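Q: 3D model of this:
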Amino acid sequence: MDRKRPIAAVVTNLFLPDSQGLETIASILEFSPHMPILVLATADQEEVAKQAIQRGARDYVLQHRLDNYSLPTILQNIVSRAPNGAAPVAENESTPSAPNAIDDNAHDYLTGLPDALLLKDRLSQAIASARRHQQSLALLCVNIDRFKNVNEALGHALGNHLLRSIAARLTASVRASDTVSRPHGASS
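A: Alright, predicted model coming up:
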């Protein structure tokens, strides 16, 4: 008996012989506009992977950093950011498995950046790693003062666009292993 099960996310490599590069993202989003997409890339393909995020992919991961812990965690994070009911349905003969407990608040919905809980988790891991390897760690906090004035003067749509643009620029300015977060996005 066939059962229908929602597709939770798409994992794609834009650089396979049968892929169409960044057009792959557009094709997936044309089929399902809110589909969470994870792009797999090598270190020399990272810039194109960042462009994929600007075109609608939720995240990318460098293939040499994949392990049994990171891939499921990344997938849970991008799926948790998907709007409810956004996944299309695929036919599958197996019984749908119960979803793991996913923190629906792990990312800021507007920018897709990690929220305070995910930042705390990543910061704890970074501190532990820095201690283990006897390395330094840096944390930079950036605040946009009086952002409410932007929303009031130019409207929320433009304010949201500006926040997404700032998030994309900050993310593009750091290493893939670094975290850019919007921990207080809900109250801004």
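Q: show me the domain layout of the protein.
A: Split into domains by automatic domain parsing, the chain comes to 1-93, 103-188.
Q: pLDDT of the last one, averaged?
A: In this model, domain 103-188 carries a mean pLDDT of 82.
Q: can you check the first one too?
A: Averaging the model's pLDDT scores along domain 1-93 yields 76.
Q: run a quick neighbour tally on Leu117.
A: Around Leu117 there are 14 other residues, counting by other C-beta atoms under 10 Å. Glycine gets a C-beta too; all of them are placed from N, C-alpha and C.
Q: same question, Ile78
A: For Ile78, using other C-beta under 10 Å, the count is 23.
Q: phi and psi next, for it.
A: Dihedral pair for Ile78: phi -70, psi -30, per degrees, to the nearest 10.
Q: what about Asn160, distance to Leu113?
A: 13 Å (C-beta to C-beta, to the nearest Å).
Q: who's more crowded, those two?
A: Neighbour count, other C-beta under 10 Å: between Asn160 and Leu113, Leu113 has more, with 24 against 13.
Q: excluding its backbone neighbours, what's nearest the more buried one?
A: Arg182 (4.2 Å; C-beta to C-beta, 6 or more residues apart in numbering).
Q: Ile144 too?
A: Using C-beta to C-beta, 6+ apart, the closest residue to Ile144 is Ile166 (7.3 Å).
Q: cool, and Ser70?
A: Per C-beta to C-beta, 6+ apart, closest to Ser70 is Val61, 6.9 Å.
Q: and the one you found, what helix or strand is that in?
A: Taking DSSP states H and E as the criterion, Val61 maps to strand 59-62.
Q: ok now whatever helix or strand Val11 lives in, how far from the chain's centre?
A: Secondary structure assignment for Val11, by DSSP H and E: strand 10-13. Put simply, strand 10-13 sits 13 Å off its chain's centre (C-alpha atoms, centre = their mean, to the nearest Å).
Q: adjust the sequence numbering to begin at 535 for everything that follows.
A: Will do, 535 is the new start, and the previous item becomes strand 544-547.
Q: packing partners of that strand?
A: Other helices and strands packing on strand 544-547, by 3 or more C-beta pairs under 8 Å, 6 or more residues apart in numbering; DSSP states H and E, are helix 557-565, strand 571-575.
Q: tilt between the first one and strand 571-575?
A: Read that as helix 557-565. 170 degrees (axes from the mean of the first three to the mean of the last three C-alpha atoms, to 10 degrees).
Q: may I see the buried residues of helix 557-565?
A: Thr558, Ile559, Ile562, Leu563 (16 or more other C-beta atoms under 10 Å).
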